[in-house]
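Chemist: Requesting a structural model of the entry that follows:
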Amino acid sequence: MTGNGLQLSEDLASRFLVIMLDGGSSEPERRRFVAGFDKEILKGCAALLADASTIWRWGQLEGAKMPPGSPIGSYEVWTRHVRGPLLALGCRDSGAPYAG
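Modeler: Just a heads-up that it's a prediction; the model follows:
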């Protein structure tokens, strides 16, 4: 969804991921990209997938040793498989849901 003045409330707040993009310019549509920019992005996909798979697998193997994180909303499985391993590896956690 896109729009002006939209507000998520009640159970919808846990069903949407709010993303705010800022092109860092008053006219981001005028930005120029180096030729082949899209190919450079695609080159890194395999490495990113391998890294994510490694973290996920490590979390599966070490899961019993990691302190259980507090689940956010009804995302207990996501907390165990994604958030927990990332926090155990020292990634930063805002600790607060998006307030809008």
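
Chemist: Buried residues, the helix or strand containing Thr54. List them.
Modeler: Per DSSP states H and E, Thr54 falls inside helix 37-62. Going by neighbour count (16 or more other CB atoms under 10 Å), the buried part of helix 37-62 is Ile55, Gly59. Heads up, the C-betas are built off the backbone N, CA and C, glycines and all.

Chemist: any idea which helix or strand comes after it?
Modeler: Downstream of helix 37-62 (by DSSP H and E), the next one is helix 76-78.

Chemist: quick one: contacts of that next one?
Modeler: Contacts of helix 76-78 from elsewhere in the structure, counted by CB atoms under 8 Å, 6 or more residues apart in numbering, are Ile72.

Chemist: now that helix, how far from the centre of its chain.
Modeler: Computed by CA atoms, centre = their mean, to the nearest Å, the chain-centroid distance of helix 76-78 equals 14 Å.

Chemist: Start the count at 10 instead of 1 going forward.
Modeler: Sure, I'll start numbering at 10, so the last one becomes helix 85-87.

Chemist: what does the next helix or strand after it rub up against?
Modeler: Of the helices and strands lying after helix 85-87 in sequence (DSSP H and E), the nearest is helix 93-97. Identification of contacts with helix 93-97 by CB under 8 Å, 6+ apart yields Ile64, Trp65, Trp67, Gly68, Glu71, Gly72, Met75, Pro77, Gly78, Asp102.
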